[in-house]
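Student: This is a predicted model, with the sequence first.
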Amino acid sequence: MITTPATLDGEPARQPEAAEESRARPGDTPGVAADEHLYLTGRPPLRDFIRYVRHQAVDPPGEGTLADEWRAAADVVRALEREEAGVADDPPIDRMGPDYEPLLVEFLASPLVRHGFNTVPTEVAFVELDRLVVWQKHIDLTFVRRLEQKLGPAPDDEAVFRACLLDDRLHPPVRWSRVHRDRWVFTSTSNDLRFLGTMRLEADNIRNYPPPGDLVGIVGIAVGFGSNFVNAIRAENRLILNNGSHRAYALRNLGITRVPCIIQHVSLREELDLIGPAELRRDPDLYLKNPRPPMLKDYFNPKLRRVMPVHRRVRQVTVTFSIDEGHVEAL
């Protein structure tokens with residue numbers, strides 16, 4: 001079974017708005033459109049923590065207060081490095097039984113899987129949420145609550161699988177328009193809106209659009225949503241959560257400890273340059289060698305997190321291109 005109700009550190013799993021963190025809720029600030037975010041504290045750099053709170057929070061405290069809070073969390077981190085050294089090493093990976101075959105067939109048929117997970121050896125298996133290393137410092141708790149409402153208080157095995165690997169929710173609307181001759185702007189309430197890369201296209205790839213001339217080739221600049229599967233990278237005997245942090249948090253908050261995940265196996269650090277997130281590439285030793293790296297269960301530790309209302313923002317992706325026409329000497 002996937003849905004195993006459990007507790008964290010011997011205590012019942014609690015909602016983000018636990019009593020010991022009772023602060024103003026987003027709706028408590030009249031006239032301000034706000035969401036609620038969680039931010040992991042206690043690890044360097046301190047300046048990033050202060051900058052995030054100052055720029056994002058609706059009512060940020062002073063720098064001295066934030067520095068004191070961060071130092072207290074740093075003491076907890078150092079204690080965990082002694083008391084839980086090695087806890088992230090050799091996490092279990094469990095194969096899926098035959099009952100999941102129809103769901104796996106449906107999942108593997110997705111073009112996002114076939115074309116997006118073919119760089120390194122990959123498998124779909126169960127992972128323990130509390131053994132996952134995390135690089136993402138903040139969680140949007142307002143979005144998490146919407147996920148939990150969709151899942152319900154006790155999702156069954158199929159619902160958990162679909163939440164992790166076959167999420168069929170509709171994406172929020174995206175607005176996009178040309179704002180200049182060489183510039184287009186895309187906006188959405190979803191943080192998953194992103195630049196997806198460039199594509200080489202042929203005239204036959206374009207349908208129902210009158211060509212402006214006799215086409216030779218087309219360069220496509222793609223903007224959209226990523227696969228958003230619950231995805232982990234296995235590197236140096238650790239599992240680093242690469243994508244799906246909000247769904248992993250929501251499921252763990254509902255008491256679910258083991259979830260299906262698409263796992264990419266990395267044998268050399270050079271492969272991280274191809275599939276790893278920027279934080280992992282920038283400081284791999286923090287996540288792969290530190291005796292007690294940041295882990296998903298830290299999101300639930302009131303001593304390691306700050307929960308605060310933040311200004312609601314819209315994700316914007318701007319695409320700008322340039323054309324240079326001229327002559328060169330023929331060879």
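Tutor: Okay, I see it.

Student: which of the residues in the longest helix along the chain are buried?
Tutor: Counting by DSSP state H, the longest helix found in the chain is helix 63-83. For helix 63-83, the neighbour count (16 or more other C-beta atoms under 10 Å) marks Leu66, Glu69, Trp70, Ala73, Ala74, Val77, Leu80 as buried. The C-beta positions use only the backbone N, C-alpha and C, and glycine is treated the same way.

Student: And Arg258, how close does it get to Val124?
Tutor: Note on Arg258: its distance to Val124, by C-beta to C-beta, to the nearest Å, is 13 Å.

Student: shared neighbours, these two?
Tutor: Shared contacts of Arg258 and Val124, defined by C-beta atoms under 8 Å, 6 or more residues apart in numbering, are absent.

Student: Go through stretch 99-106 and flag the buried ones.
Tutor: By neighbour count with 16+ other C-beta under 10 Å, stretch 99-106 contains the buried residues Tyr100, Leu103, Leu104.

Student: Next one, pLDDT for the closest residue to the first one other than its chain neighbours please.
Tutor: So that's Tyr100. Leaving aside its sequence neighbours, Tyr100 sits nearest to Phe161 (C-beta to C-beta, 6 or more residues apart in numbering; 6.8 Å). pLDDT, Phe161: 97.

Student: distance of Phe161 from Asp99?
Tutor: Distance from Phe161 to Asp99, by C-beta to C-beta: 10 Å.

Student: ok, back up a step: what's the longest helix of the chain in contact with?
Tutor: 41-43, 46, 49-50, 53-54, 60, 290-292, 301, 303-304, 306.

Student: okay, that helix in PDB with CA atoms only?
Tutor: Taking Å, rounded to 0.1, in the frame of the first residue of the first chain, the C-alpha atoms of helix 63-83 are listed here in PDB:
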ATOM      1  CA  GLU A  63      17.000  42.300  10.000                       C
ATOM      2  CA  GLY A  64      18.200  41.700  13.600                       C
ATOM      3  CA  THR A  65      15.100  39.600  14.400                       C
ATOM      4  CA  LEU A  66      15.700  37.600  11.200                       C
ATOM      5  CA  ALA A  67      19.400  37.100  11.900                       C
ATOM      6  CA  ASP A  68      18.600  35.800  15.400                       C
ATOM      7  CA  GLU A  69      16.000  33.500  14.000                       C
ATOM      8  CA  TRP A  70      18.400  32.200  11.500                       C
ATOM      9  CA  ARG A  71      21.200  31.600  14.000                       C
ATOM     10  CA  ALA A  72      18.800  29.600  16.200                       C
ATOM     11  CA  ALA A  73      17.900  27.400  13.200                       C
ATOM     12  CA  ALA A  74      21.600  27.100  12.400                       C
ATOM     13  CA  ASP A  75      22.200  25.600  15.900                       C
ATOM     14  CA  VAL A  76      19.500  23.100  15.200                       C
ATOM     15  CA  VAL A  77      21.100  22.200  11.800                       C
ATOM     16  CA  ARG A  78      24.500  21.600  13.500                       C
ATOM     17  CA  ALA A  79      22.800  19.400  16.100                       C
ATOM     18  CA  LEU A  80      21.100  17.400  13.400                       C
ATOM     19  CA  GLU A  81      24.500  16.900  11.600                       C
ATOM     20  CA  ARG A  82      25.700  15.100  14.800                       C
ATOM     21  CA  GLU A  83      22.500  13.300  15.800                       C
END
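
Student: now it: mean pLDDT?
Tutor: 97.

Student: sorry, back to before: just the ones of the buried residues of stretch 99-106 in helices?
Tutor: Of those, the ones assigned to helices by DSSP H are Leu103, Leu104.

Student: can you tell me which of the buried residues of stretch 99-106 lies nearest to His138?
Tutor: Distance to His138, by C-beta to C-beta, is smallest for Leu103 among the buried residues of stretch 99-106, at 30.8 Å.

Student: shouldn't that closest one be in contact with Ala163?
Tutor: No. Look at Leu103 against Ala163 with C-beta atoms under 8 Å: they stay out of range, at 11.7 Å.

Student: about what we covered before: average pLDDT for the helix or strand just after the longest helix of the chain?
Tutor: Downstream of helix 63-83, the next assigned helix or strand under DSSP states H and E is strand 93-94. Mean pLDDT, strand 93-94: 97.

Student: Could you list every helix and strand in contact with strand 93-94?
Tutor: strand 122-128 (3 or more C-beta pairs under 8 Å, 6 or more residues apart in numbering; DSSP states H and E).

Student: Work out the sheet partners of the strand it packs on and label each with its direction, please.
Tutor: Applying DSSP bridges to the sheet, strand 122-128 is found paired with strand 93-94 (antiparallel), strand 258-266 (antiparallel).

Student: Give me the contact list for the shortest one.
Tutor: When contacts are taken as C-beta under 8 Å, 6+ apart, the neighbours of strand 93-94 outside the stretch itself are Glu123, Ala125, Phe126, Val127, Arg234, Leu239, Arg258, Ile263.
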